[in-house]
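# here is my input, please return the structure:
(one chain, ligands or ions: 1)
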Amino acid sequence: MRTSWADSVSAAENTAAGSSANDGVGSSSRHAKSSYVPPHLRNRPSSSDLPAPGPAPGPAPALVPAPAPAPALSGSSSSNDRPGYGAALGGNRWGGPRSDVGRPGYGSGGRFGGGGGGWNNNRGGWDRGREREVNPFGDDVDTEPEFSELENTGINFDAYEDIPVETSGENVPPPVNTFAEIDLGEALNQNIRRCKYVKPTPVQRHAIPISLGGRDLMACAQTGSGKTAAFCFPIISGIMNGQFPQRPRGARTVYPLALILSPTRELSCQIHEEARKFSYQTGVRVVVAYGGAPINQQLRDLERGVDILVATPGRLVDLLERARVSLQMIRYLALDEADRMLDMGFEPQIRKIVEQMDMPQPGVRQTMLFSATFPKEIQRLASDFLSGYIFLAVGRVGSSTDLIVQRVEFVHESDKRSHLMDLLHAQKANGTHGKQSLTLVFVETKKGADSLEHWLCMNGFPATTIHGDRTQQEREQALRSFKSGATPILVATDVAARGLDIPHVAHVVNFDIPNDIDDYVHRIGRTGRAGKTGLATAFFNESNASLARALAELMQESNQEVPAWLTRYAARSSYGGGGRNRRSGGRFGGRDFRRDSSFNRGGGGTDYHGGGNSSGYGAAPGGYGGGGYSSAWD
Ligand SMILES: Nc1ncnc2c1ncn2[C@@H]1O[C@H](COP(=O)(O)OP(=O)(O)OP(=O)(O)O)[C@@H](O)[C@H]1O
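Next comes the predicted model:
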């Protein structure tokens, strides 16, 4: 069994404990003028005991003076002063310490913290009444573990040394090997230790220096490989250390400095939970806004202050139209699952947010796009949002990780239920660490999900379901129940296919195979995360013939055994709705579309200058055939 960077850590188990934030913050405290406290010193439990800040270091006139940090606590300094590339690239576009004013505590919406339901009783963030930040790690011990305490002999980082990496673009900042090499600031470093992240994952090694260098980035790395931290760390560090014009105060409109967009409510909540851990005691405030939940609570959270806004596109458009959020001050824009955000379903909303509101232009803001899959046509669309960007591929673009054992079984439609039952019976009751192993079953339709859940329950398998026809409360309750093991089977549509990081998912079953190979990649990526192994089983029959070739090639690339019958289907099939012909022409599944001459002839990639470095790569794949968009998204 392979082991790797995260076999030793229980970071995935560190879901934020639910906290009962005090919802009330007096208007007097909201408007109280407080003396300046630098972001990285704010909200420390002993903040009232801090020495008065030192003298300002002489800021530009338009900017609020930033004091010298108190040496005993801060330790953070400029994040972009690595020799060799920072200066040439201009480094952080908003270098220097951030200017801002201390604000009262605010609330944020923790979601997956375990027990409890309802909208307000599971919220993490800040203890508003006492203006003390609630510990999102769920422990009240403020001691900092030593790195050495966290080392585990099971870690095998060497397994990742050979992972193919390709970068393209001008003056690509070199990767780092350790977090210590990157100056993220002491408070953030402490949170990294609290998360038990011993070393950066491969995508973090490359992406963090690029982003800290102030560069736009399109990054592609396999599911479960730590992309969330790869975009969160530079944003948090940049806000901690940056110098920004003072944001307007008093009006009801809020002016976040960073915007992180994701396609589903649950994923936005998860990113928010992660970002809250990473920004604990840094003074950087993270708020989430997503549809299906009462907007008033989210408005109150926003009013209490926001540096990083995590949102789904629909709810954000609503907030922008109500003039409750302005994007005028955005300095960092991150799109998670960026290819999904720019596909047919979301593109108009994303264009509205990014191009038609008051967001600064590319080049003024810093833009980061992340996904495990990046079809070339979507890369071309995405390039509109970027300026002089670096393309980074860690592992094969659009490939699945070798950590997932993939099985494809030929199952007639009418036999699927009994076959599923056989699998469930055979499955080990317990997974690793004595925790119950969880099974995620993907189906095509919402009706199909309800009907399968009902049938499973009738047959003695505790199951629940998540899909777009359920209320948001039901969806969140279903996820909690699944995560806790109360219902160890979750029947889901593609609403749960991307991004969700659920510990102990041992088995993903594609009861209905998706029409698009990229959806398959994301679905099976709910297991085999952070270096752990997983199993994925797909029920294939004639109706999936159009996916046969893409599926066989994907399995081959990931060193999986391809059944002879699937190879025969593949030989007969051309690339249909699911096939993007993206794998032809080489072992590795993709690279920067700017290197593809057919795209350049079409006018794409105008800012590509070549260069960069690559290692271990074969030839590039072909284009992208589109199609196969799931109706399960909301
Ligand atoms: N440096 C690290 N060391 C150990 N664990 C890590 C590290 N970075 C991230 N992780 C853990 O790895 C898991 C997967 O990370 P994350 O959810 O960011 O993956 P992802 O690449 O965004 O996946 P997906 O493509 O499915 O969205 C998480 O549980 C996270 O806490």
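# near the ligand, which residues of the stretch 501-634 of the chain show up?
D501, G525, R529, A530 (CB under 6 Å from any ligand atom). C-beta: built from backbone N, CA, C; applies to glycine.
# any chance of those in TSV with pLDDT and neighbour count as columns?
Listed next are these as TSV, based on pLDDT from 0 to 100; neighbours: other CB atoms under 10 Å:
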residue	pLDDT	neighbour count
D501	95	22
G525	95	28
R529	89	24
A530	85	19
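# export those to JSON lines and tack on secondary structure?
What follows is those, written out as JSON lines (DSSP: H, G, I helix; E, B strand; the rest coil):
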{"residue": "D501", "secondary structure": "coil"}
{"residue": "G525", "secondary structure": "coil"}
{"residue": "R529", "secondary structure": "coil"}
{"residue": "A530", "secondary structure": "coil"}
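# max pairwise distance over those: which two?
Across these, the longest distance by CB to CB is 11.2 Å; it joins G525 and A530.
# which residues do these two both contact?
G224 (CB atoms under 8 Å, 6 or more residues apart in numbering).
# redo the residues of the stretch 501-634 of the chain next to the ligand as CSV? Include distance to N510.
Below are these laid out as CSV (distance: CB to CB, whole Å):
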residue, distance to N510
D501, 19
G525, 12
R529, 17
A530, 22
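# so where does G448 fall, helix or strand?
helix 446-458 (DSSP states H and E).
# now do E166
E166 belongs to strand 165-168, assigned by DSSP H and E.
# same check, this time on A571
Going by DSSP H and E, A571 is in helix 564-572.
# now L381
helix 376-382.
# now swap in T465 and tell me
strand 463-466.
# P248 contacts V254, correct?
No - counting by CB atoms under 8 Å, P248 sits too far from V254 to count as a contact (9.2 Å).
# the two: which has the busier surroundings?
V254 (23 against 12; other CB atoms under 10 Å).
# at the contact with the ligand, which residues of the stretch 101-250 of the chain appear?
Counting by CB under 6 Å from any ligand atom, the stretch 101-250 of the chain sits next to the ligand at 197, 199-201, 204, 221, 223-229.
# quick one: which two of these are the most distant?
Maximum distance among these (CB to CB): 19.2 Å, for K199 and T223.
# follow-up on the earlier one: quick check: next helix or strand after the helix holding L381?
strand 390-394.
# picking that back up, of the residues of the stretch 101-250 of the chain next to the ligand, which belong to strands?
The strands, defined by DSSP state E, take in A221 from those.
# can you list the domains in this structure?
Listed by automatic domain parsing, the domain ranges of the chain are 1-15+23-62+148-397, 404-575.
# out of those domains, which gets the lowest mean score?
With a mean of 82, domain 1-15+23-62+148-397 has the lowest mean pLDDT of the domains of the chain.
# residue boundaries of the strands in the stretch 301-450 of the chain?
308-311, 332-336, 366-371, 390-394, 404-410, 438-442 (DSSP state E, counting those that start in this stretch).
# can you list the residues that contact stretch 407-426?
Contacts for stretch 407-426 (CB under 8 Å, 6+ apart): 439, 441, 452, 455-456, 459, 461, 489, 507, 509, 511, 535-541, 543, 551, 555, 562-563, 565-566.
# what ranges does the stretch 501-634 of the chain have for its strands?
Using DSSP E, counting those that start in this stretch, strands in the stretch 501-634 of the chain cover 505-510, 534-540, 614-615.
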